[in-house]
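J.: No letters, just coordinates:
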Ligand SMILES: [Zn+2]
């Protein structure tokens, strides 16, 4: 296409559609204008197509056209940006290919890494060392281009030039990662994006920090790669951004068909829906009803509330599972991470790279500055992050968790980088008890190596204990047998994973229930009764956090039925779950006491706990002499010697709780 022709057409287009806005833009001293591409298409489909195919030459032409329009003073480096490009220009990151080089495309992704904003050379002035004339070269690439020959017709020197002046603009590199939901089970692909000039303004900088999702229109270019400082023939591709916008909606590309929607609406009306959802979570893992119910509520999530003082109350429900080593918590957590778009499973021990929160590293391949990289909790923003071996996470990450679990942001200040990243993430954590096995008589904070300040941020805590119980053991054995040897029917979920995921996404997006008066009263009176019954000796402290937790769970319960209002029924479901969670850690919600006290009459719980410790110590000691089978009488005698009252009752209780077992009459063994 003829350039002069193109220029005239752009002038006509701008005069017709953007004159007023250009005047306004010029008055406000802005450095760019965003043009709706569909208007250009309507104006002249040929030049619109030509622009998409030849942006490197065409965008400067429209920028030149702006200067021919009478709008008052306009910035010398004024830019024209385009949004709303045709649908067929949206390319999935993994499908970006060499064939797109030099063309305009649009990609959608989560920012995983971002460099600091640094000045780069934009225009370089060279002096000819032969004749002394100046040659200005516009630097569009990362590598400085010197003139090919001197512009002076009498000279035409092709060798010796000296850089005498340069103009700078701000630039930033980011790496975006494909949204997870479209790369099921695969490592997400990523792409580098180059942002410059007003795309690096403080406002844009916030929008392009790690953890944000952005839709970028730009020109795909090649980047010569340097291997050990020398240019290599290998090329890497990157997108030079022309326009960047935030993508706020959650999981919009999760393709919920009309048929899916109908199924979801039917499920929401099903009176058995709670059970169906629970049974669809890892049906091969038998039992665990309370835990599965907690997870269902966590997946659907409560509502975020912005208070009058503009502080936020999170809607995310954090759940902690403390499990005996042989229990199935890891398997369960892996399944859960697959039931929500962008869910992730990580191990506290094995989180590498950016870790859980975020990290700042010296950058080798980008601009040579610092790069901020988002960790798992940022990349699972608005989803669920399953963190196994929670007690093993780095201390620095633990510090950041305090902020993240309440404020839902992760702040980082290191080197030149100061940033606050979004982390509206619900945590499903799995931890191992410090003593190897979970001991129901010890306060949880003594059993797990997690600071109490973090423990209190979990809405629900459950122990997964391996307690021998003939009745459930038989059921579990039968269940496994059925599942493994007589067809897989039994372990097939009632609601398959795909529909489950869509149901969660649909409810989170479309349903925002409000608390009814009845539900609020129910939650309030439950909380007040808990407060009344808790005391200094309680194994768990009762604080307003439990009140907020119950509210969140009740909201989640209402969302499952896609209701506008949280009803009393939802409140009761949440309350029962909170009671179950408290009981697991020795707090009896009906009395405020720990369980064993009821069996033996009211006593100070600390005395009680210490008696169990004494018995465990005696058992350890005797095990050295007698081996696994320790004579019951011997234990009793030693316990009495050490002043323990009614040791046989305590031993019996320990047996019921699965801490001890008896292989034959007269002996006890530690589990
Ligand atoms: Zn010269």
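T.: Here it is on my side, so go on. Predicted, not measured: the structure shown is a model, and the values here were computed from it. Numbering: from 1, shown residues only.

J.: Can you check the distance spanned by stretch 70-82, start to finish?
T.: Using CA to CA, to the nearest Å, the end-to-end distance of stretch 70-82 comes to 21 Å.

J.: Check what contacts that stretch and list those residues.
T.: Stretch 70-82 has contacts (CB atoms under 8 Å, 6 or more residues apart in numbering) with 19, 22-23, 25-27, 29-37, 40, 51, 59, 62-63, 66-67, 104, 122, 169, 197-198, 217, 242-243. Quick note: C-beta positions are derived from backbone N, CA and C, even for glycine.

J.: If any of these are buried, put those into a ChimeraX selection.
T.: Of those, the buried ones go into a single ChimeraX selection, burial set by 16 or more other CB atoms under 10 Å:
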select :22,25,26,31,32,33,34,35,37,40,51,59,62,63,66,104,122,197,198,217,242,243
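
J.: separation between the residue lying farthest from the centre of the chain and the ion?
T.: Here the chain has its C-alpha centre computed as a mean, and the residue farthest from that point, by CA atoms, centre = their mean, is residue 154 with 63.5 Å. In this structure, residue 154 and the ion are separated by 8 Å, where distance is defined by CB to the ion, to the nearest Å.

J.: what about the residue lying closest to that residue once chain neighbours are set aside, how many neighbours?
T.: Residue nearest to residue 154 in three dimensions, not counting chain neighbours: residue 131, with 7.1 Å by CB to CB, 6 or more residues apart in numbering. For residue 131, the neighbour count with other CB atoms under 10 Å is 13.

J.: contacting residues for the most centrally placed residue in the chain?
T.: Most central residue of the chain, judged by C-alpha distance to the mean C-alpha position with CA atoms, centre = their mean, is residue 380 at 1.4 Å. Taking CB under 8 Å, 6+ apart, we find residue 380 in contact with 342-344, 423, 425.

J.: helix or strand for the closest residue to residue 670 other than its chain neighbours, which one?
T.: If you skip the residues right next to it in sequence, residue 670 has residue 619 as its closest partner in space, 5.6 Å away by CB to CB, 6+ apart. Following DSSP states H and E, one finds residue 619 within helix 605-626.

J.: who does that helix touch, helix- and strand-wise?
T.: With contacts defined as 3 or more CB pairs under 8 Å, 6 or more residues apart in numbering; DSSP states H and E, the secondary structure elements packing on helix 605-626 are helix 595-600, strand 630-631, helix 632-641, helix 647-656, strand 667-670.

J.: Just put the ones you listed in TSV and tack on mean pLDDT, distance to the ion and mean neighbour count.
T.: Rendered in TSV, the data for those read as follows (pLDDT from 0 to 100; distance: least, CB to the ion, whole Å; neighbours: other CB atoms under 10 Å):
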stretch	mean pLDDT	distance to the ion	mean neighbour count
helix 595-600	35	93	16
strand 630-631	90	98	18
helix 632-641	88	101	16
helix 647-656	79	95	17
strand 667-670	86	91	18
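
J.: Spell out which parts of the stretch 301-450 of the chain neighbour the ion.
T.: Taking CB under 5 Å from the ion as the contact definition, the stretch 301-450 of the chain does not meet the ion anywhere.

J.: Tell me where the stretch 301-450 of the chain has strands.
T.: For the stretch 301-450 of the chain, the strands defined by DSSP state E, counting those that start in this stretch cover 305-306, 312-313, 319-323, 344-347, 358-362, 370-374, 384-388, 409-414, 417-422, 426-431.

J.: Dump these to a markdown table, plus distance to residue 294.
T.: As requested, the strands of the stretch 301-450 of the chain are arranged in a markdown table below (distance: least, CB to CB, whole Å):
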| stretch | distance to residue 294 |
| --- | --- |
| strand 305-306 | 21 |
| strand 312-313 | 19 |
| strand 319-323 | 5 |
| strand 344-347 | 17 |
| strand 358-362 | 28 |
| strand 370-374 | 27 |
| strand 384-388 | 12 |
| strand 409-414 | 25 |
| strand 417-422 | 25 |
| strand 426-431 | 9 |
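
J.: Residue 454 - nearest residue in space that isn't next to it in sequence?
T.: residue 401 (5.6 Å).

J.: same deal with residue 291?
T.: Residue nearest to residue 291 in three dimensions, not counting chain neighbours: residue 462, with 5.1 Å by CB to CB, 6+ apart.

J.: can you list contacts of the one helix or strand the one you found maps to?
T.: Remark: residue 462 resides in strand 460-464, with elements defined by DSSP H and E. Applying CB under 8 Å, 6+ apart, the external contacts of strand 460-464 come out as 288, 290-291, 294, 317-324, 327-329, 438, 440, 444, 455, 549, 553, 577-578, 580-581, 584-585.

J.: And these, which of them are buried?
T.: If you count burial by 16+ other CB under 10 Å, the buried members of the contacts of strand 460-464 come out as 288, 290-291, 294, 317-324, 327-329, 438, 440, 444, 455, 549, 553, 577-578, 580-581, 584-585.

J.: near the ion, which residues of the protein?
T.: By the rule CB under 5 Å from the ion, the part of the chain lying against the ion is 128, 130-131, 150, 152, 155, 157.

J.: let's see 6 Å
T.: Within the chain, the positions near the ion by CB under 6 Å from the ion are 128, 130-131, 133, 150, 152, 155, 157.
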